[in-house]
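> sequence unknown, structure follows:
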């Protein structure tokens, strides 16, 4: 299960202007997430953009979300001390 902060970051990255498949630095990733959150009016706007993409073009939305989640997890790895949603930890 993905924790809420990781999910929000991935949604924002999904909604960003970075190209799917790119390998941004942590700084580039952070900047793209910030721009996306500003442009979409917050994390809920990013989630709405994601939902719209899944409804309109699921064949491209799925690989983009996988890429976004991989990039976020690489830049912000989870630690054992932080609980993950959906677990008893």
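Cool, got the structure. Computed from a predicted model, the values in this text were never measured in an experiment. Residues are numbered from 1 along each chain as shown.
> Run through the protein and note the low-pLDDT ranges.
Along the chain, the parts satisfying pLDDT under 70 run over 1, 79-89.
> By residue count, which helix of it is the longest?
Of all segments of type helix in the chain, defined using DSSP state H, the longest is helix 58-75.
> mind listing what's buried in that helix?
61, 64, 65, 67, 68, 69, 71, 72, 75 (16 or more other CB atoms under 10 Å). Every residue, glycine included, has its C-beta placed from N, CA and C.
> what do you get for stretch 13-23?
13, 14, 15, 16, 18.
> first vs last residue of it, how far apart are they?
12 Å (CA to CA, to the nearest Å).
> which other residues reach that stretch?
24, 28-29, 32-33, 35-36, 39-40, 45-46, 49-50, 53, 60-61, 63-65, 67-68, 71-72 (CB atoms under 8 Å, 6 or more residues apart in numbering).
> got it, and stretch 46-63?
Contacts for stretch 46-63 (CB under 8 Å, 6+ apart): 8, 11, 12, 14, 15, 20, 36, 37, 40, 64, 65.
> again, only this time at 7 Å
11, 12, 14, 15, 20, 36, 37, 40 (CB atoms under 7 Å, 6 or more residues apart in numbering).
> and it, how far from the chain's centre?
Relative to its chain's centre, stretch 46-63 lies at 12 Å (CA atoms, centre = their mean, to the nearest Å).
> What of stretch 19-32?
On CA atoms, centre = their mean, the centre of stretch 19-32 falls 11 Å from that of its chain.
> so which strand or helix has residue 18?
Assigning secondary structure by DSSP states H and E places residue 18 outside every helix and strand.
> before we move on, what about residue 23?
Short version, using DSSP H and E: residue 23 is in no helix or strand.
> What about it? Give its phi and psi, please.
phi -120, psi 80 (degrees, to the nearest 10).
> follow-up on the earlier one: possible to save the buried residues of helix 58-75 as TSV with distance to residue 2?
Converted to TSV, the buried residues of helix 58-75 look like this (distance: CB to CB, whole Å):
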residue	distance to residue 2
61	16
64	16
65	11
67	14
68	11
69	7
71	13
72	9
75	14
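> Out of the residues you listed, flag the one nearest to residue 3.
Nearest to residue 3 among the buried residues of helix 58-75, counting by CB to CB, is residue 72 at 10.5 Å.
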